[in-house]
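Peer 1: Task: produce atomic coordinates for the following.
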Amino acid sequence: MAAGSGSRLGACVPKAFVPVAGRPLLAYAVQTVVALPGLRSLVIVVPPGYADPTDWPDGLSALLPAGSQVVVGGAERTDSVGAGLTLLDPGCDVVLVHDAARALTPVAVFERVVEAVRAGAAGAVPGQPVVDTIKSVDVDGIITGTPDRSALRAIQTPQGFAREILLAAYASGRQGTDDAALVEADGHHVRVVEGDPLAFKVTTAADLAHAERVLASSPRP
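Peer 2: Below is the predicted model of the structure:
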């Protein structure tokens, strides 16, 4: 998923194409995905104006494996994922949805998600324990509750699902903040597997600076 605008970064290009340590964010995400054992199909969802990989900067298109497809996303996340699903290889039994903004996610996280789905889970998502105290509030900002954080997880991507289950969830026409929410709404159980601190989402300039520091301390090829 590379269709985000990057407005909160204050960038002049879409988020996935913002340079980090000299390369677009999307380059790091693609580099990890193509290293995933058993990868059968890669579909990249992009903003308008980026449908032709030959126009991408910094030789990014050269990273794409043969048979990769590119499609323009929609107004909402569900619209964008739905557009990608229309190009899904019929032979794929496990579908992973990954945010290019989580470009430094290690391949081991992908493998844990795939393993959980292949073991019988309808879906699997990586997550990290919540360390902050969380409060629920009303419209006036008054605290209404303090959830037990031991039962909370901060969810990351990739999110993985059995093919037919994800397609059915999207056929429902529901909207959701992530793919797991749509699958849950269809009555399925989604398993949480171990995430990774490196799967953080680049949303703000501070996140971008953090990614620069991570790459400076442990650069990728």
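Peer 1: Can you report how many residues lie near Lys201?
Peer 2: Counted by other CB atoms under 10 Å, the residues lying close to Lys201 total 17. For every residue, glycine as well, the C-beta is placed using N, CA and C.
Peer 1: again, but for Leu166
Peer 2: Using other CB under 10 Å, Leu166 has 27 neighbouring residues.
Peer 1: Helix or strand: which one has it?
Peer 2: helix 163-171 (DSSP states H and E).
Peer 1: Likewise for Gly160?
Peer 2: Counting by DSSP H and E, the element that carries Gly160 is strand 159-162.
Peer 1: Tell me where the chain has helices.
Peer 2: Ranges of helices within the chain are 25-33, 77-85, 107-118, 163-171, 179-185, 205-217, based on DSSP state H.
Peer 1: returning to that earlier point: could you give me the average pLDDT of the strand holding Gly160?
Peer 2: For strand 159-162, mean pLDDT is 98.
Peer 1: can you list contacts of it?
Peer 2: Under the contact criterion CB atoms under 8 Å, 6 or more residues apart in numbering, strand 159-162 has outside partners 93-98, 113-114, 116-117, 122-126, 169, 178-180, 183.
Peer 1: Just give me how far the helix holding Leu166 sits from the chain centre.
Peer 2: Remark: helix 163-171 is offset 17 Å from the chain centroid, using CA atoms, centre = their mean, to the nearest Å.
Peer 1: Same check on stretch 161-174?
Peer 2: That offset, for stretch 161-174, works out to 17 Å (CA atoms, centre = their mean).
Peer 1: same deal with stretch 43-53?
Peer 2: 16 Å.
Peer 1: Quick one: end-to-end distance for stretch 67-86.
Peer 2: Using CA to CA, to the nearest Å, the end-to-end distance of stretch 67-86 comes out at 15 Å.
Peer 1: Any buried residues in that stretch, and which?
Peer 2: Buried residues in stretch 67-86, defined by neighbour count with 16 or more other CB atoms under 10 Å: 68-71, 73, 77-78, 80-85.
Peer 1: Same check on stretch 207-216?
Peer 2: Buried residues in stretch 207-216 (16+ other CB under 10 Å): Asp207, Leu208, Ala211, Val214, Leu215.
Peer 1: so for it, what's the average pLDDT?
Peer 2: 95.
Peer 1: swap in stretch 193-200?
Peer 2: If you average the pLDDT over stretch 193-200, you get 98.
Peer 1: and it, how far out from the chain's middle?
Peer 2: 12 Å.
Peer 1: Give me the longest strand you can find in this structure.
Peer 2: strand 123-129 (DSSP state E).
Peer 1: quick one: strands adjacent to that strand?
Peer 2: Strand 123-129 sits in its sheet next to strand 153-155 (antiparallel), strand 159-162 (antiparallel), strand 190-194 (parallel), going by DSSP bridges.
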